[in-house]
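Novice: this one's sequence-less:
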């Protein structure tokens, strides 16, 4: 497993991280035994970054991940969760809720300290409140030993500038902006590098679009994006997800790429593609890129 430095934190994170949102049943029913086996195998394979949130499965993801990590040496993995989002329409970035959220997450995850805490989907809240209330609260909790590094997460790339122009962060978590059809993250990489911020890229499969199965019904992408990804899947088949992961994980400017997993089979598939020296045949690769080119950087 390759490791990269996470900004100025001093931490080194595995090239791919274990995205635990699927453990909450976000993408379908799970087999908890299989989930736990996948987590154990991921640690054995050298994956040291695990990411979750109380929002994923309405605390289920944290609870399952906590049971899976129980008994594994704490110094063998880095664990991150989030504050601020607790339901589809439930956001609360207040000091009181943030303190309670951290304590609840520590209990569910069965640890004494969190390595990373992100303010979750801050575009749905007040940037002023995040900067002036949530961040100082997290720094207070950091000083109390409950967490180590502080960041923000969200979909619009503009939010990272809005926060970093006003305060310091250890890391940011962006998603769906460094994929086979969206590379808009590249536009702000120089800015983030100047700030010394560690970059975590999530959802290299665009939340299920770049797979050979249908995305979840809640997926917000417009029809033109879904149709193009479906055509790409018809060409690449089961290799589409591997091609997408391989592409995202090979940019050395990105500290780690989080990919959602909930089974041993998915873990093995991802590790196989991560280690592969060649991707699919050049013909298939070219066809996929041509199909996706019309939707380049077309978000939602």
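Specialist: Nice, thanks for sending it over. Bear in mind that the values here come from a model prediction, so they are computed numbers and not experimental data. Residues are numbered from 1 along each chain as shown.
Novice: what pairs with the spatially most central residue of the chain across the strands?
Specialist: With distances taken as C-alpha atoms, centre = their mean, the chain has residue 202 as the residue nearest its mean C-alpha position (3.4 Å). Under DSSP bridges, the beta-bridge partners of residue 202 are residue 175, residue 258.
Novice: Quick check, residue 197 in contact with residue 167.
Specialist: No - using C-beta atoms under 8 Å, residue 197 is not in contact with residue 167; the gap is 11.5 Å. Backbone N, C-alpha and C define where each C-beta goes, glycine included.
Novice: of these two, who's got more company?
Specialist: Legend: neighbour count by other C-beta atoms under 10 Å for residue 197 and residue 167, higher for residue 197 (23 against 14).
Novice: List phi and psi for that one.
Specialist: The phi/psi pair for residue 197 (degrees, to the nearest 10) reads phi -90, psi 140.
Novice: So which bits of the helix or strand bottoming out on mean pLDDT in the chain are buried?
Specialist: None of the helices or strands of the chain scores lower by mean pLDDT, DSSP states H and E than helix 282-292, at a mean of 89. For helix 282-292, the neighbour count (16 or more other C-beta atoms under 10 Å) marks 284, 285, 287, 288, 291, 292 as buried.
Novice: contact partners of it?
Specialist: Under the contact criterion C-beta atoms under 8 Å, 6 or more residues apart in numbering, helix 282-292 has outside partners 180-181, 228-229, 231-232, 235-236, 239-240, 243, 279-280.
Novice: Include pLDDT and secondary structure when you put those into CSV, please.
Specialist: Shown next, in CSV, are those (pLDDT from 0 to 100; DSSP: H, G, I helix; E, B strand; the rest coil):
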residue, pLDDT, secondary structure
180, 95, coil
181, 96, coil
228, 97, helix
229, 96, helix
231, 96, helix
232, 96, helix
235, 93, helix
236, 92, helix
239, 91, helix
240, 93, helix
243, 92, helix
279, 58, coil
280, 58, coil
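Novice: buried subset of those residues?
Specialist: So, by 16+ other C-beta under 10 Å, the buried ones in the contacts of helix 282-292 are 180, 181, 228, 229, 232, 235, 236, 239, 240, 243, 279, 280.
Novice: out of those, who's nearest residue 119?
Specialist: Distance to residue 119, by C-beta to C-beta, is smallest for residue 181 among the buried ones among the contacts of helix 282-292, at 27.4 Å.
Novice: could you list every residue that touches that closest one?
Specialist: Residue 181 neighbours (C-beta under 8 Å, 6+ apart): 206, 210, 225, 228, 229, 292, 295, 296, 297, 298.
Novice: Pipe the buried ones among the contacts of helix 282-292 into JSON lines and attach distance to residue 60 per row.
Specialist: Compiled in JSON lines, the buried ones among the contacts of helix 282-292 are given as follows (distance: C-beta to C-beta, whole Å):
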{"residue": "180", "distance to residue 60": "30"}
{"residue": "181", "distance to residue 60": "30"}
{"residue": "228", "distance to residue 60": "32"}
{"residue": "229", "distance to residue 60": "27"}
{"residue": "232", "distance to residue 60": "31"}
{"residue": "235", "distance to residue 60": "35"}
{"residue": "236", "distance to residue 60": "32"}
{"residue": "239", "distance to residue 60": "31"}
{"residue": "240", "distance to residue 60": "28"}
{"residue": "243", "distance to residue 60": "30"}
{"residue": "279", "distance to residue 60": "34"}
{"residue": "280", "distance to residue 60": "35"}
